[in-house]
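**Student:** need coordinates for the below:
(one chain, ligands or ions: 1)
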Amino acid sequence: MKIIVATWNDVKLEQIQMALKEIPLDIASLPKDMEDVKETANTFKGNAQIKIETVKRYYPNDIIVGEDSGLSIDILEGFPGVKTARFSPGSDADRAQLLIEKLKGVPLSRRAAQFTSVVALAFPDGIVLHSKGTMNGWIAKDIPDRLKGYGDIFLLSNDKVLTEQLEHTISPYDHRQIALFQAKQLIIDWLERKTT
Ligand SMILES: O=P(O)(O)OP(=O)(O)OP(=O)(O)OC[C@H]1O[C@@H](n2cnc3c(O)ncnc32)[C@H](O)[C@@H]1O
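**Tutor:** The predicted model follows:
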């Protein structure tokens with residue numbers, strides 16, 4: 001039995017491999033010719049679920065890990081949400097710039113937003129589990145001249161984040177680390193139950 005990471009994104013793959021490295025199982029990526037999934041759900045959980053269900057058809061005897069994440073802005077009714085990576089063409093920096101334009105004139109107190117990550121796990125015995133990580137904050141008003149991504153437009157407000165678990169200074173992108181930390185525990189628990 002091994003762990004299969006259901007992502008087509010190399011950065012995410014590396015982050016998941018790092019987060020799960022203490023689990024005593026091989027962690028494999030998808031074959032290059034594996035079909036891509038259509039992220040048609042309107043929730044992060046739904047899209048993470050689509051990813052693991054697609055991959056489980058090919059690897060029924062392994063543990064499958066899928067993740068979906070994005071930025072949700074309260075005053076835009078959760079937009080861009082599940083569409084964070086693709087609501088307009090170009091880079092994350094281009095999309096971040098568009099969000100800043102949409103929020104022109106909105107005071108800081110009404111610019112609340114969250115980064116959310118949901119990890120879905122499928123186990124060989126049919127069990128499916130989920131974990132979730134959230135970073136709360138506001139969309140900044142003053143942004144750098146050269147935007148690199150969504151992290152640059154996000155002012156963090158988490159005051160009680162699990163810093164000792166993350167073992168580094170918190171960043172806007174730690175939603176994924178938090179969800180993965182919980183996912184690691186869920187896998188360890190499942191493996192323990194299997195052997196007792
Ligand atoms: O193959 P999948 O797993 O679907 O990968 P994807 O690239 O389509 O991924 P998502 O739909 O989950 O979108 C991920 C979003 O996370 C954002 N993001 C970028 N770098 C990140 C990082 O280091 N940590 C967490 N999120 C990041 C990025 O802006 C994307 O818009």
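**Student:** make it CA atoms for all contacts and neighbour counts henceforth
**Tutor:** Will do.
**Student:** show me what the longest helix seen in the chain is packed up against.
**Tutor:** Determined from DSSP state H, the single longest helix within the chain is helix 174-195. Using 3 or more CA pairs under 8 Å, 6 or more residues apart in numbering; DSSP states H and E, the elements in contact with helix 174-195 are helix 10-19, strand 112-122, strand 128-139, helix 163-166.
**Student:** which one of those lies closest to K45?
**Tutor:** strand 112-122 (5.7 Å; CA to CA).
**Student:** between strand 128-139 and the closest one, find me the angle.
**Tutor:** 160 degrees (axes from the mean of the first three to the mean of the last three CA atoms, to 10 degrees).
**Student:** for strand 112-122, the distance to its chain's centre please.
**Tutor:** 5 Å (CA atoms, centre = their mean, to the nearest Å).
**Student:** for the chain, which residues are neighbours of the ligand?
**Tutor:** Contacts of the chain with the ligand, taken as CA under 6 Å from any ligand atom, map to T7, W8, N9, E67, D68, S69, G70, T84, A85, D92, Y173, R176.
**Student:** list buried residues within those.
**Tutor:** Neighbour counting with 16 or more other CA atoms under 10 Å marks T7, W8, E67, D68, S69, G70, T84, A85, D92, Y173, R176 as buried within the residues of the chain next to the ligand.
**Student:** which residue of the protein sits farthest from its center?
**Tutor:** Farthest-out residue of the chain from its mean C-alpha position, per CA atoms, centre = their mean: T196, at 31.6 Å.
**Student:** pick the most deeply packed of the helices and strands packed on helix 174-195.
**Tutor:** When you average the neighbours per residue for each of the helices and strands packed on helix 174-195 (mean count of other CA atoms under 10 Å), strand 112-122 leads with a mean of 25.
**Student:** for that one, C-alpha coordinates in PDB please.
**Tutor:** Only the C-alpha atoms of strand 112-122 are listed here, as PDB (Å, rounded to 0.1, in the frame of the first residue of the first chain):
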ATOM      1  CA  ALA A 112     -12.500  40.400   5.400                       C
ATOM      2  CA  ALA A 113     -11.400  37.300   3.500                       C
ATOM      3  CA  GLN A 114     -10.200  33.700   4.200                       C
ATOM      4  CA  PHE A 115      -7.800  31.300   2.600                       C
ATOM      5  CA  THR A 116      -9.300  27.800   2.900                       C
ATOM      6  CA  SER A 117      -7.800  24.400   2.200                       C
ATOM      7  CA  VAL A 118      -9.700  21.200   2.300                       C
ATOM      8  CA  VAL A 119      -7.900  17.800   2.100                       C
ATOM      9  CA  ALA A 120      -9.800  14.700   1.200                       C
ATOM     10  CA  LEU A 121      -8.500  11.200   2.000                       C
ATOM     11  CA  ALA A 122      -9.800   7.900   0.600                       C
END
